[in-house]
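> pasting the structure only:
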């Protein structure tokens, strides 16, 4: 299928061989996006790691300073006083075995899952459902914790989890086309800073090999790693 006229124009306008500064790439993404809806803006970072080796796995989370532009539906597995704490913090769904049963039956109308450590016995039964969708709570990204107030607040504020894929690439949303350019740039830098801090000791050579910004429907714009202090070259 041939791309539509607007997409062809966007592709023709972009220079696939050029590396832009982060601010230039943000401007290009905003200027060339053509969809009639408020497109998401994403960052893709190719890392110099081999995710097949456990000592080169990159995973973490960061609260974006300007949020993602998406309403995050938060589910919390908790019991006792932590139920009221989660509800007071703004969790959309809070429960225990009742939620386990509901999810087992196919319900998945939530975006982030948080669990207190004493609930992981029940939550573990959902591994085959939540795991492939990237929803399984994990202490490494702060979603298995007794501090549910902090976890829920961060999730609602725009916390983004990232994990390197098999091809060595990390994808993350940094906002919407309607965001101000500086907001998108700030969010991108937050992701890159978090990736830099998560660099495995076993990673050798160039760590961040390429950085690309794109909107949902638009072409990608490569960012020059040398223009960013957080990137090794």
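Received the coordinates, thanks. These numbers come from a predicted model, not from an experiment.

> ok so residue 200 is a strand residue?
No. Applying DSSP: H, G, I helix; E, B strand; the rest coil, one finds residue 200 to be coil, outside a strand.

> pretty sure it contacts residue 57?
Yes. Between residue 200 and residue 57 there is a contact at 7.0 Å, judged by CB atoms under 8 Å. Yep, even glycine has a C-beta here, placed from its N, CA and C like the rest.

> Name the residues contacting each of the two.
residue 49 (CB atoms under 8 Å, 6 or more residues apart in numbering).

> following the longest helix along the chain, which helix or strand shows up next?
Identified as the longest helix of the chain according to DSSP state H is helix 181-197. Moving toward the C-terminus from helix 181-197, the next helix or strand (DSSP states H and E) is strand 208-215.

> Check which strands are paired with that following strand and give the direction for each one.
Strand pairing for strand 208-215, using DSSP bridges, gives strand 40-47 (antiparallel), strand 221-223 (antiparallel).

> quick one: buried residues of it?
Neighbour counts over strand 208-215 (16 or more other CB atoms under 10 Å) mark 208, 209, 210, 211, 212, 213, 214, 215 as buried.

> Bridged to the third one, which residues?
So that's residue 210. With DSSP bridges as the rule, residue 210 is bridged to residue 46.

> I'd say it and residue 224 touch.
No. Applying CB under 8 Å as the test, residue 210 and residue 224 come out as separate, 9.9 Å apart.

> Now do the shared contacts for these two.
Common neighbours of residue 210 and residue 224, counting by CB under 8 Å, 6+ apart, are absent.

> Lowest-scoring secondary structure element of this protein by mean pLDDT?
For the chain, counting by mean pLDDT, DSSP states H and E, helix 5-13 ranks last in confidence among helices and strands (a mean of 59).

> what does whatever helix or strand comes next after that helix rub up against?
As assigned by DSSP H and E, the chain's next helix or strand after helix 5-13 is helix 22-32. The contact list for helix 22-32 (CB under 8 Å, 6+ apart) reads 10, 13-14, 20, 41, 177, 181, 184-185, 188-189, 213-215, 218-219, 221-223, 227-228.

> Please repeat the previous calculation with a cut-off of 7 Å.
Contacts to helix 22-32, defined as CB atoms under 7 Å, 6 or more residues apart in numbering, come from residues 10, 13-14, 20, 41, 177, 181, 184-185, 188, 213-215, 218, 221, 223, 227-228.

> Buried ones among those?
Counted by 16+ other CB under 10 Å, the contacts of helix 22-32 give 10, 14, 20, 41, 177, 184-185, 188, 213-215, 218, 221, 223, 227-228 as buried.

> Thanks a lot, see you next time.
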